[in-house]
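In: just a sequence and a predicted model for now, questions to come.
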Amino acid sequence: MINQNHPIIPPPELVRDWARYQNHQDPEALWRRIATLAARWGADQELEACLRLVEIDAGEDAYDFARYIRTARRPKSPSLKEQALADLDKIESSDRGGYAVADLTAIRIKRKRDRIKAGSGESMRKPGAKGAPGAADFKQAAKTAKKK
């Protein structure tokens, strides 16, 4: 039987922290999430113990192997910037009526022109008006525009 001091059982403080950051409106979802985090934590603890033994037994050659296994086990999530750039890369010219750019300013302008053309009653802001894109915005758009 496993007692509370077993090395792959998460400490109660950690479980309380997990519960604190979850939605308490759905208790079943809360416990399912805590169980998932606990299982992941326990598996990580077991893996770390095994890798430490490999490093001790195999010596210097095992450090690269252990680092590779750790990285493969929990790959680093992409940053918000990387996610945004990946989303921009997904924009295809067919979705924009032949307008293939990877710049949000230009996409917003195109969408607004399309709404005006469809009769929305909106109008384009005059250059220099509050909220209108300035020269710097268009220079940035030119730098990030995709070539057709």
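Out: Cool, the structure landed.
In: quick one: the helices in this structure?
Out: Secondary structure of the chain by DSSP state H: the helices cover 12-20, 27-58, 62-73, 80-89, 104-117, 135-144.
In: which of those helices sits closest to residue 128?
Out: helix 135-144 (9.7 Å; C-beta to C-beta). For glycine as for every other residue, the C-beta is placed from the backbone atoms N, C-alpha and C.
In: average pLDDT for that closest one?
Out: Mean pLDDT, helix 135-144: 77.
In: before we move on, the earlier item: Serialize the helices of the chain to TSV and add fields for mean neighbour count and distance to residue 125.
Out: Shown next, in TSV, are those (neighbours: other C-beta atoms under 10 Å; distance: least, C-beta to C-beta, whole Å):
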stretch	mean neighbour count	distance to residue 125
helix 12-20	12	46
helix 27-58	13	45
helix 62-73	12	48
helix 80-89	11	24
helix 104-117	14	9
helix 135-144	12	12
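In: walk me through the domains of the protein.
Out: Following automatic domain parsing, one finds the domains of the chain at 12-73, 80-144.
In: just the terminal-to-terminal distance for the last one.
Out: Spelled out, it's domain 80-144. The first and last residues of domain 80-144 sit 18 Å apart, counting by C-alpha to C-alpha, to the nearest Å.
In: and the shortest one, by the same measure?
Out: End-to-end span of domain 12-73 (C-alpha to C-alpha): 25 Å.
In: quick one: contacts for residue 86?
Out: By C-beta atoms under 8 Å, 6 or more residues apart in numbering, residue 86 lies in contact with residue 78.
In: what's the distance between it and residue 44?
Out: Per C-beta to C-beta, to the nearest Å, residue 86 is found 27 Å from residue 44.
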